[in-house]
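**Student:** Below: sequence and its predicted model.
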Amino acid sequence: MLVTISSGNSVDEVCRALWYFFAWLKKQQYVFEVVKLEYAKCEDGYKSIILESKDENLLSLQGTYLWKAQSPFRPKHKRKNWYFTLHCTAQEAQVSIDESKVLYQTMKSPKKGGQHVNTTCSGVRAVYTPLGLEALSYDERSQYRNKQIALRRLLEKVIASEVNKQSRLKNSRWKEGKNLERGNAVMVFEGDEFREVRR
């Protein structure tokens, strides 16, 4: 799965909170690899962090976080509550087809053509039942070759379907990162020591 930690609109104070939180997270017993660290304009700050992990314990960390501290960048600023979020989403899978779930149908070509085209069932329709996608091939005289072509075209359609799905997921992750919920924090930290207050 992918774990996205977002500062929302990248206010410097929240970016600093992400810096502290990432240091805190590395001290815990969670297993993950860093996919991307997006640095902020301020020193010691992240706009966003993306992690990859198979550790399902990270799912319990989903939600809004609060860092209560005086702004390290604007000493006279009245605001002391800085929120950020952590979301987990399914990992983007490598696209493949389970050929045992592909149904093949043979048929005569609907094209006008020579003697062989309209007299034999060399055309092939391949249907991938899990997604309801299908592909046709009448390109070759050989049924075997048409089966290969139809399967290749079917894989192309499955890939296109997966790309669309992942694009929607990325858009959803982006929106989640921008729409921070303030209040109902799952964890609260205080001060420059980033001390955990409650969980």
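**Tutor:** Done, it's in.
**Student:** Tell me which stretches of this protein form helices.
**Tutor:** Under the criterion DSSP state H, the chain contains helices at 12-27, 115-119, 143-178.
**Student:** which helices and strands does the longest strand belonging to the chain pack with?
**Tutor:** Secondary structure of the chain read by DSSP state E shows that its longest strand is strand 81-89. In terms of contact count using 3 or more CB pairs under 8 Å, 6 or more residues apart in numbering; DSSP states H and E, strand 81-89 is assigned the packing partners strand 2-6, helix 12-27, strand 63-68, helix 143-178. Every C-beta, even on glycine, is put in place using the N, C-alpha and C of the backbone.
**Student:** related to what we said a few turns ago, now tell me which of the helices of the chain the model trusts least on average.
**Tutor:** Between the helices of the chain, the one with the least mean pLDDT is helix 115-119; it has a mean of 53.
**Student:** coming back round to it: which positions within the longest strand of the chain qualify as buried?
**Tutor:** Buried residues in strand 81-89, counting neighbours by 16 or more other CB atoms under 10 Å, are found at Trp82, Tyr83, Phe84, Thr85, Leu86, His87, Cys88.
**Student:** My understanding was that the fourth one contacts Val3; is that so?
**Tutor:** I take that to be Thr85. No - under the contact definition of CB atoms under 8 Å, Thr85 does not touch Val3, with a separation of 11.0 Å.
**Student:** for this protein, which spans come out with low pLDDT?
**Tutor:** Flagging of the chain using pLDDT under 70 yields the residue ranges 91-95, 110-119, 163, 166-167, 169-183, 198-199.
**Student:** Break it down into its domains, please.
**Tutor:** Structurally, the chain divides into domains by automatic domain parsing as follows: 2-93+180-198, 99-163.
**Student:** isn't Val186 right next to Phe84, touching?
**Tutor:** No - with contact taken as CB under 8 Å, Val186 and Phe84 are classed as non-touching, separated by 11.2 Å.
**Student:** what residues do the two have in common as contacts?
**Tutor:** Taking CB atoms under 8 Å, 6 or more residues apart in numbering as the contact definition, Val186 and Phe84 share the neighbouring residues Thr64, Tyr65.
**Student:** Dump the helices and strands packed on strand 81-89 to JSON lines, plus distance to Ile50 and mean neighbour count.
**Tutor:** As requested, the helices and strands packed on strand 81-89 are arranged in JSON lines below (distance: least, CB to CB, whole Å; neighbours: other CB atoms under 10 Å):
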{"stretch": "strand 2-6", "distance to Ile50": "5", "mean neighbour count": "22"}
{"stretch": "helix 12-27", "distance to Ile50": "11", "mean neighbour count": "19"}
{"stretch": "strand 63-68", "distance to Ile50": "16", "mean neighbour count": "18"}
{"stretch": "helix 143-178", "distance to Ile50": "9", "mean neighbour count": "15"}
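**Student:** so which of these gets nearest Lys76?
**Tutor:** helix 12-27 (13.3 Å; CB to CB).
**Student:** between the closest one and strand 2-6, how many degrees?
**Tutor:** 140 degrees (axes from the mean of the first three to the mean of the last three CA atoms, to 10 degrees).
**Student:** Going by neighbour count, list what's buried in stretch 40-53.
**Tutor:** By neighbour count, and taking 16+ other CB under 10 Å as the criterion, the buried residues in stretch 40-53 are Ala40, Cys42, Gly45, Tyr46, Lys47, Ser48, Ile49, Leu51, Ser53.
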